[in-house]
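Q: all I have is the shape, not the residue letters:
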């Protein structure tokens with residue numbers, strides 16, 4: 001019986017395939033695991049590289065390809081979301097985890113350590129297991145991503161959502177939660193942050209202080225260059241949608257992500273209705289009313305400042321409830 005399903009997503013990442021796959025196949029375990037790869041219609045040599053690994057490990061890798069229509073323009077976030085969602089139905093393992101194709105695992109005992117934690121009956125109240133992740137910058141320097149959790153052990157989800165952060169590459173989830181959560185799966189929102197929330201909030205999170213994965217900065221990420229505003233809007237739409245579906249997290253969402261709202265204010269001079277129109281539409285469809293209202297920000301920063309002030313009031317209200 002397969003104990004673990006590893007879901008890996010690629011799109012035009014030919015140069016990273018070997019690194020990601022080596023990190024997976026270097027794992028030392030006393031159980032069987034499967035690899036399910038989602039290729040988002042790559043046009044470089046990614047598909048060919050994956051097939052080489054399939055030939056090397058027959059029957060171990062399932063490849064799921066998302067086709068693209070020639071000449072058609074796609075929203076990158078929507079494609080990536082659909083790629084991740086499409087893999088869930090192929091899972092046969094007791095547990096599952098996601099890995100972005102340009103990242104990798106750096107500890108050969110990662111799978112075993114996390115499975116041992118989730119297999120332990122004493123941890124039946126844990127929805128998932130997380131660990132520290134190394135951040136590798138473009139200039140080659142590195143550091144451990146800040147989690148705000150200092151020692152190994154169980155972390156209450158409420159505390160985590162207010163103060164913590166676990167990179168998605170570090171999380172191993174229980175597959176039994178998939179059917180329970182299907183009603184809130186939504187494309188194009190199924191990205192790293194939403195995945196973490198959906199599969200973690202129903203229980204505690206067991207945290208291991210070991211550094212067992214590496215997250216690589218790239219020059220085409222959503223937080224670089226002209227795509228920063230788009231990245232901010234997509235992320236905040238997700239948190240607005242979480243607030244809509246899970247009302248009890250509404251105030252903590254504002255508190256947790258106020259830096260992103262501030263960044264949106266700082267980048268408001270990049271607002272272009274033509275470029276951001278698909279995301280305003282997305283906000284409307286996903287009940288992210290506060291973000292959708294920014295479509296009328298043609299009066300410049302004033303509209304965004306009013307929006308940001310409203311967020312401040314909500315954060316203050318949340319703090320008063322705690323105090």
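A: Nice, thanks for sending it over. These numbers come from a predicted model, not from an experiment.

Q: so which bits of stretch 90-110 are buried?
A: By neighbour count, with 16 or more other Cβ atoms under 10 Å as the criterion, the buried positions of stretch 90-110 are 91, 93-105, 107, 110. Quick note: C-beta positions are derived from backbone N, CA and C, even for glycine.

Q: confirm residue 128 sits in a strand?
A: Yes: applying DSSP: H, G, I helix; E, B strand; the rest coil, one finds residue 128 inside a strand.

Q: so the residue nearest to it when sequence neighbours are not counted is in which element?
A: Spatial nearest neighbour of residue 128, excluding adjacent residues (Cβ to Cβ, 6 or more residues apart in numbering): residue 173 at 4.6 Å. Assigned by DSSP states H and E, residue 173 falls within strand 172-174.

Q: check which helices and strands that strand sits against.
A: strand 95-100, helix 110-119, strand 126-136, helix 192-200 (3 or more Cβ pairs under 8 Å, 6 or more residues apart in numbering; DSSP states H and E).

Q: each with direction, which strands does that strand pair with?
A: The pairing partners recorded for strand 172-174 under DSSP bridges are strand 95-100 (antiparallel), strand 126-136 (antiparallel).

Q: in the stretch 201-323 of the chain, which spans are helices?
A: For the stretch 201-323 of the chain, the helices defined by DSSP state H, counting those that start in this stretch cover 228-245, 250-256, 258-266, 273-285, 289-292, 301-322.

Q: could you tell me the least trusted of the ones you listed?
A: Looking at the helices of the stretch 201-323 of the chain, the lowest mean pLDDT belongs to helix 301-322 (a mean of 57).

Q: how far away is the residue nearest to the spatial centre of the chain from residue 29?
A: Centroid check for the chain by Cα atoms, centre = their mean gives residue 192 as the closest residue, at 0.7 Å. To residue 29, residue 192 is 25 Å away according to Cβ to Cβ, to the nearest Å.

Q: hey, least reliable of the helices and strands packed on strand 172-174 by pLDDT?
A: Minimum mean pLDDT among the helices and strands packed on strand 172-174: helix 192-200, a mean of 88.

Q: list the helices and strands that one packs on?
A: Contacts defined by 3+ Cβ pairs under 8 Å, 6+ apart place helix 192-200 against strand 95-100, strand 126-136, helix 157-163, strand 172-174, helix 177-181, helix 228-245.

Q: highest mean neighbour count out of the ones you listed?
A: Looking across these with neighbours counted as mean count of other Cβ atoms under 10 Å, the highest average goes to strand 95-100: a mean of 24.

Q: what does it rub up against?
A: With contacts defined as Cβ atoms under 8 Å, 6 or more residues apart in numbering, strand 95-100 is touched by 3-9, 20, 24, 84, 88, 105, 114-115, 118, 168-169, 171-175, 178, 192, 195, 213, 215.

Q: kindly report the same for stretch 128-147.
A: Counting by Cβ under 8 Å, 6+ apart, 106, 110, 113-114, 117-118, 123, 164-167, 169-174, 199-200, 203, 205-219 sit against stretch 128-147.

Q: buried subset of these?
A: Neighbour counting over the contacts of stretch 128-147 (16+ other Cβ under 10 Å) leaves 110, 113-114, 117-118, 123, 164-167, 169-174, 199-200, 203, 205-208, 211-216 as the buried ones.

Q: rewinding a little: need the strands paired with strand 172-174 in a markdown table (columns: distance to residue 148).
A: Shown next, in a markdown table, are the strands paired with strand 172-174 (distance: least, Cβ to Cβ, whole Å):
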| stretch | distance to residue 148 |
| --- | --- |
| strand 95-100 | 22 |
| strand 126-136 | 12 |
